[in-house]
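> no FASTA, just this:
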């Protein structure tokens, strides 16, 4: 008899399972793990410890259940496996330590992305959605690093030179406080300090920013919705418009949303198993790369430009010379300014476009710039003193966009496209839930890999609750397969008379 069987027998003797109602979420979690996640639980795991490894199926169920119940403390989870009926059921009566909880959560970290895909598969099997319309959006999540604990690029160079012996130690006195603290830190060896500084410098070269955080060197300075700079990550999410289920997540280091839509959309299509018909996104994704990607992927996109987005929100700019207050005829290629003068297309040229990312510099589709002007009209205009500065002789409007971009903008002017685009805000629903109930902005983890793993774990918990709610629990209990599973679980852990 194994140690696991001994614990299970003792658990059965206590008859603790009789305290748990049949509609408890724990049975749904166990059903999900046993039906969809056994591929992740059959792997052999070896730790250099005296005791044998814990059952992976039970530990995965424990981690998912604790996240669903919004319990993130490893110590409390470990205590609950000794005192709480629901946690005991998941572990089959096996008590675990807080170190085991942390260790197994780290073990499953690379697999959470695949497990998120399994929640989407479960929703497909239950026929909850056809996944016709999806919405993509991004939000900033705070990094676990104080905004004051950073090292400037100039100080970084001097630190590297001093540690290599190229500069004298007297240069340390000229550095800022954080750089000096790093130099005098005795917890790291010289080799570890140099290796970390080289990584910091590489991150700065990629980001192009002026300082790098000390605790989480992969975080970036980004502007939040209050226009305040914070050390953050940019979380991209693809959400199904019908069910509000999270189809995929991608943690990006790019401060803007411009170029991450293809990545998260490909991840979502991999989880769903087929291409979407329609994709909705806000004006932050209106660029040539995204338009070109949608056209090659044969996905119908609904993406307005900045002016159309502000018009939908009734927040057009007040400045009369802004492009918000002119009429642009893309087909006949002219612009009518606020004073009523016609600005014809003067010339057009192509501009090369590239972007620095965490993967290095990538080549993007060329930008097409169109210039509209009417010098004669500006000379005779009654408003030229208000419209033109002292150095300007005439007003010139620049419009970006290829033929595919113009086609998208014209489509977004139609009532049908506006009605379809009204579905886009559903992507905000998971963000609100995750930030309010799952502490998305207060995660005590550093590094893009761990942040991605924990975001996927929280998304799995969100999806399981969402699927459970969509089936209304009662309808779920009409499923014969599920009823048999619950009864089998109850019979397995109930003492027979």
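Okay, I see it. What you are looking at is a predicted structure, and each value in this text was computed from that prediction instead of being measured. Residues are numbered from 1 along each chain as shown.
> count of neighbours near the residue nearest to residue 118 when sequence neighbours are not counted?
Counting by CB to CB, 6 or more residues apart in numbering, residue 36 is the residue found nearest to residue 118 once chain neighbours are left out, at 4.1 Å. (Glycine included, C-beta is placed from N, CA and C.) Residue 36 has 16 neighbours, counted by other CB atoms under 10 Å.
> which residues of the stretch 251-400 of the chain fall in helices?
261-272, 288-297, 306-312, 375-379, 384-387 (DSSP state H, counting those that start in this stretch).
> packing partners of the helix ranked longest in the chain?
The residue-count maximum for a helix in the chain (DSSP state H) belongs to helix 448-470. Here helix 448-470 touches helix 25-36, helix 56-68, helix 112-125, strand 229-240, strand 246-252, helix 428-437, going by 3 or more CB pairs under 8 Å, 6 or more residues apart in numbering; DSSP states H and E.
> what distance separates that helix from the centre of its chain?
11 Å (CA atoms, centre = their mean, to the nearest Å).
> which parts of the helix or strand following it are buried?
Using DSSP states H and E, the helix or strand that follows helix 448-470 towards the C-terminus is helix 480-492. Buried positions in helix 480-492, judged by neighbour count with 16 or more other CB atoms under 10 Å: 482, 485-486, 489.
> where along the stretch 51-200 of the chain do the helices fall?
56-68, 74-83, 85-91, 98-108, 112-125, 153-163, 177-184, 190-207.
> list the buried ones in the fifth one?
In other words, helix 112-125. Those would be 112-113, 115-120, 122-124, for helix 112-125 by 16+ other CB under 10 Å.
> what's the answer for the last one, then?
Along helix 190-207, the positions that meet the burial threshold by neighbour count (16+ other CB under 10 Å) are 193, 197, 200-201, 203-204, 206-207.
> turn these into CSV, columns for distance to residue 76 and pLDDT.
Shown next, in CSV, are these (distance: CB to CB, whole Å; pLDDT from 0 to 100):
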residue, distance to residue 76, pLDDT
193, 36, 90
197, 38, 91
200, 35, 91
201, 40, 90
203, 35, 88
204, 39, 88
206, 39, 84
207, 37, 83
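> dump these into CSV; add distance to residue 308 as well.
Shown next, in CSV, are the buried residues of helix 190-207 (distance: CB to CB, whole Å):
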residue, distance to residue 308
193, 51
197, 46
200, 41
201, 42
203, 36
204, 36
206, 33
207, 31
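> just to revisit the earlier point, the residue nearest to residue 118 touches residue 120, doesn't it?
No - assessed by CB atoms under 8 Å, residue 36 is found out of contact with residue 120, at 10.1 Å.
> report all helices and strands that the longest strand along the chain contacts.
In terms of residue count, the longest strand belonging to the chain (DSSP state E) is strand 342-357. Helices and strands touching strand 342-357, by 3+ CB pairs under 8 Å, 6+ apart, are helix 190-207, strand 334-336, strand 360-373.
> ok, now with 7 Å
strand 334-336, strand 360-373 (3 or more CB pairs under 7 Å, 6 or more residues apart in numbering; DSSP states H and E).
> what mean pLDDT does the shortest one get?
Averaged across strand 334-336, pLDDT comes to 90.
> need the helix or strand of this protein with the lowest average pLDDT.
helix 3-14 (a mean of 61; mean pLDDT, DSSP states H and E).
> next one: the nearest residue to residue 24 once chain neighbours are set aside from residue 80, what distance?
Spatial nearest neighbour of residue 24, excluding adjacent residues (CB to CB, 6+ apart): residue 86 at 6.6 Å. Distance, residue 86 to residue 80, by CB to CB, to the nearest Å: 8 Å.
> compare those two (neighbour count), which wins?
More neighbours surround residue 80 than the other of residue 86 and residue 80, with 23 against 19 (other CB under 10 Å).
> residues touching that one, list them.
Each residue near residue 80 by CB atoms under 7 Å, 6 or more residues apart in numbering is listed here: residue 87.
> what do you get for residue 320?
Taking CB under 7 Å, 6+ apart, one finds residue 338 in contact with residue 320.
> again, but for the one 10 residues further on
For residue 330, the residues meeting the contact criterion (CB under 7 Å, 6+ apart) are 406, 409-410.
> residue 186 versus the residue most central in space within the chain, what's the distance?
Nearest to the mean C-alpha position of the chain, by CA atoms, centre = their mean, lies residue 235 at 2.5 Å. Look at residue 235 and residue 186: by CB to CB, they are 36 Å apart.
> again with residue 174
In terms of CB to CB, residue 174 sits 21 Å off from residue 186.
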